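A.B. asks: Return a 3D structure for these sequence lines:
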Amino acid sequence: MDKKPQTTRRDTSLSRERIIDAAIAILDAEGESALTFRTLAQRLSTGAGAIYWHVADKQDLLAAACDAVTAQTLAACAPGAAPEADIRAIASGVFDMMEAHPWAGAALIRAGGQGPLVRILESLGRQVQALGVPDNEQWATVSALLNYILGVAGQNAANMQIARSGGIERAGLLESVAAAWSGLDAARYPFVRSMAGSLRAHDDRADFLAGIDLILRGIRSRA
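C.D. replies: As a prediction, this is how the structure comes out:
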């Protein structure tokens, strides 16, 4: 007697939220390469087939995880009375989010014009409108803010990942780069060489926010 073909049953104890939370825990601890449906199934004590009831594939899961941490970040940046302060809060929140979840930067870029990126774009856009930026300059203004935030925050997160994977402490990394800059030819690289001392003690987050303030100063002059 032939056996009936087996079908994968949905694990009713699972939810999309539980799967996303478990995925975020794996991503934070071990990085994107460690996130597989097999590893996730073991973490959740279920079968991979049950997970496929809730997420289509790994890219869908990454996008959902990125959207979850982005939504949480922006929820903590509740709009206040001053648009400039709100933009600063959004920028700080995204910077800290990428530092806490280094994988989120790449996931944001892959998301394109959907999900988490739209959340950030909408949050920035409302504040730019509140600043009184003319309609025909709003897109360029928001784009400048968005590209700066994602670029600098993403690079900072990437640097952290490189340092962690190589077992390098931040202070040691800055010291080695500063030493290399100090040894550059003074005639060819006068500015970079003069910045070597500042590099040793600089604060990535403070530098990032200083850049936001420069952009806001430009926006203020245009508005």
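
A.B. asks: can you list the domain ranges for this structure.
C.D. replies: According to automatic domain parsing, the chain comprises the domains 8-55, 69-222.

A.B. asks: so where is this structure shaky, pLDDT-wise?
C.D. replies: Along the chain, segments meeting pLDDT under 70 span 1-12, 223.

A.B. asks: which helix in it runs the most residues?
C.D. replies: In the chain, with assignment by DSSP state H, the single longest helix is helix 135-165.

A.B. asks: what's that helix packed up against?
C.D. replies: For helix 135-165, the elements it packs on are helix 83-100, helix 104-111, helix 115-130, helix 170-182, helix 204-222, judged by 3 or more CB pairs under 8 Å, 6 or more residues apart in numbering; DSSP states H and E. Quick note: C-beta positions are derived from backbone N, CA and C, even for glycine.

A.B. asks: what angle do that helix and helix 83-100 make?
C.D. replies: Helix 135-165 and helix 83-100 are oriented at 30 degrees to each other (axes from the mean of the first three to the mean of the last three CA atoms, to 10 degrees).

A.B. asks: and helix 135-165, how far out from the chain's middle?
C.D. replies: Computed by CA atoms, centre = their mean, to the nearest Å, the chain-centroid distance of helix 135-165 equals 8 Å.

A.B. asks: buried ones in stretch 157-171?
C.D. replies: Residues of stretch 157-171 classed as buried by neighbour count (16 or more other CB atoms under 10 Å): Ala157.

A.B. asks: What of stretch 136-153?
C.D. replies: Quick answer for stretch 136-153 (16+ other CB under 10 Å): 141-142, 145-146, 148-150, 152-153.

A.B. asks: Nearest to Ser221, out of those: which one, please.
C.D. replies: Looking at the buried residues of stretch 136-153 and their distance to Ser221, the nearest is Thr141, at 11.7 Å (CB to CB).

A.B. asks: Kind regards, and thank you for your time.
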